[in-house]
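> just need the structure, nothing else, for what follows:
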Amino acid sequence: MDEDEYEDLCFLSVYVTMWLFSDQFPVTFNFQLRIMKQIAESELIINKRGAIYHLDVRPEEIATTIILVGDPGRVKEVTKHFDKVEFQLQHREFITHTGYIGIKRLSVVSTGIGPDNIDIALNELDALVNIDFETRTIKPTITSLNLLRFGTSGALQEDIPVDSLVAGTHGLGLDNVMHYYRTENNEEELQLLHDFKAHTGLASDNISPYIFSGNEVLLSHFKKEYHHGITVTCPGFYGPQGRILRMELAYPGLVDKLTTFRSGDHHISNFEMESSAIYGIGRTLGHKCVSLNAIVANRVRKEFSKDGAKAVENLIQKSLGKLNDSEI
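Okay, here's the model as predicted:
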């Protein structure tokens, strides 16, 4: 077999014939041997202390339930509620704390702003649990992470007030991160995407929306006290979210179209800058994801929170409480 035909993981079937002397009949066993191709140093960058490049975290320093926050300063606002912190690590905007609430081991990781940073953070978190750093090969057994975003967001419905909480049923991306990966959508996602493109007219070469659903098991723990709806992810804070300062908008009616979108029982509740990439990359890699957001602005009412820090603290306390009480 030509080496160029090998992917990161390839298979070779080997047939072995063994004799069972009790019946004197040959029995053929089909053994499927995994041949693991090493991941090159340029693709998986491991530093001198054995940590992955951007996060600067080693496999033993990360938990399998991970809270993702955009703001590096928010990491300590989460872990101040921990009973014990084992590790505190920092590299660039990526801060990682790992510790315990009771017997539940958790990590909190800051990603910085935007879906491009999510691409870095989630790929490296996956590598920490699913790639053997010694052999540079994919582990035979894949670990599924629980990934929960604790973020801030703007509401797109009048009846979702500032300082309230939203759990995203889907992440709908107006960025382009997921177009660089092979992905699959279910029928519901395809229908939502079709209806969204028809409603907004966003089906041009400039913007190609994508959508992925959140994990239903994780979402089920965040029903009471959380609004539910589709979370839209924008690749910027100003023009992509319909804000006008000195540049004119190419899509001046986009915010109104997001607000008025309906498809069956689904509507768009809020928008921000990370969720679609979390849902897309997470689902593609086999992880469970949910995006939880404190509403600091209502774009329909033109209101902004009087105390955004208090709204975020409410999100942290309520969400950690539900996380600690669940089987996650």
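
> which other helices and strands does the helix ranked longest in the chain contact?
Criterion DSSP state H: the longest helix present in the chain is helix 308-325. Here helix 308-325 touches helix 74-79, strand 94-101, strand 104-110, strand 146-155, strand 165-173, strand 288-298, going by 3 or more CB pairs under 8 Å, 6 or more residues apart in numbering; DSSP states H and E. Any C-beta I mention is one placed from the backbone N, CA and C, and that applies to glycine too.

> check which helix or strand the residue positioned nearest the centre of the chain maps to.
Geometric centre of the chain, nearest residue: residue 278, 1.9 Å, by CA atoms, centre = their mean. Assessed by DSSP states H and E, residue 278 sits inside helix 275-285.

> just to revisit the earlier point, out of the helices and strands packed on helix 308-325, nearest to residue 242?
strand 146-155 (9.8 Å; CB to CB).

> by how many degrees do the longest helix of the chain and strand 146-155 diverge?
150 degrees (axes from the mean of the first three to the mean of the last three CA atoms, to 10 degrees).

> got a list of contacts for helix 308-325?
Helix 308-325 has contacts (CB atoms under 8 Å, 6 or more residues apart in numbering) with 65, 74, 77-78, 81, 101-102, 104, 106, 148, 150, 152, 162-163, 165, 221-222, 225, 292-296, 305.

> go with 7 Å
Contacts to helix 308-325, defined as CB atoms under 7 Å, 6 or more residues apart in numbering, come from residues 74, 77-78, 81, 101-102, 104, 150, 152, 163, 165, 221-222, 225, 292, 294, 296, 305.

> now render the helices and strands packed on helix 308-325 as CSV, adding mean neighbour count and distance to residue 232.
Shown next, in CSV, are the helices and strands packed on helix 308-325 (neighbours: other CB atoms under 10 Å; distance: least, CB to CB, whole Å):
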stretch, mean neighbour count, distance to residue 232
helix 74-79, 20, 22
strand 94-101, 21, 25
strand 104-110, 22, 22
strand 146-155, 25, 9
strand 165-173, 26, 5
strand 288-298, 25, 11
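
> now tabulate these in TSV and tack on mean pLDDT and distance to residue 128.
Below are the helices and strands packed on helix 308-325 laid out as TSV (pLDDT from 0 to 100; distance: least, CB to CB, whole Å):
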stretch	mean pLDDT	distance to residue 128
helix 74-79	98	17
strand 94-101	98	10
strand 104-110	98	10
strand 146-155	98	13
strand 165-173	98	22
strand 288-298	98	16
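
> reformat these as JSON lines; add distance to residue 132.
Shown next, in JSON lines, are the helices and strands packed on helix 308-325 (distance: least, CB to CB, whole Å):
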{"stretch": "helix 74-79", "distance to residue 132": "28"}
{"stretch": "strand 94-101", "distance to residue 132": "20"}
{"stretch": "strand 104-110", "distance to residue 132": "20"}
{"stretch": "strand 146-155", "distance to residue 132": "21"}
{"stretch": "strand 165-173", "distance to residue 132": "30"}
{"stretch": "strand 288-298", "distance to residue 132": "23"}
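
> can you pull out the helices in the stretch 101-250 of the chain?
Assigned by DSSP state H, counting those that start in this stretch, the helices in the stretch 101-250 of the chain fall at 115-130, 187-200, 216-220.

> quick one: closest of those helices to residue 249.
helix 187-200 (13.8 Å).

> next one: the closest one to chain centre, how far?
21 Å (CA atoms, centre = their mean, to the nearest Å).

> neighbours of residue 326, how many?
14 (other CB atoms under 10 Å).

> begin at 21 from here
Got it, first residue is 21 now, which makes that one residue 346.

> please name the nearest non-neighbouring residue to it.
Distances taken as CB to CB, 6 or more residues apart in numbering place residue 241 nearest to residue 346, at 4.7 Å, with adjacent residues excluded.
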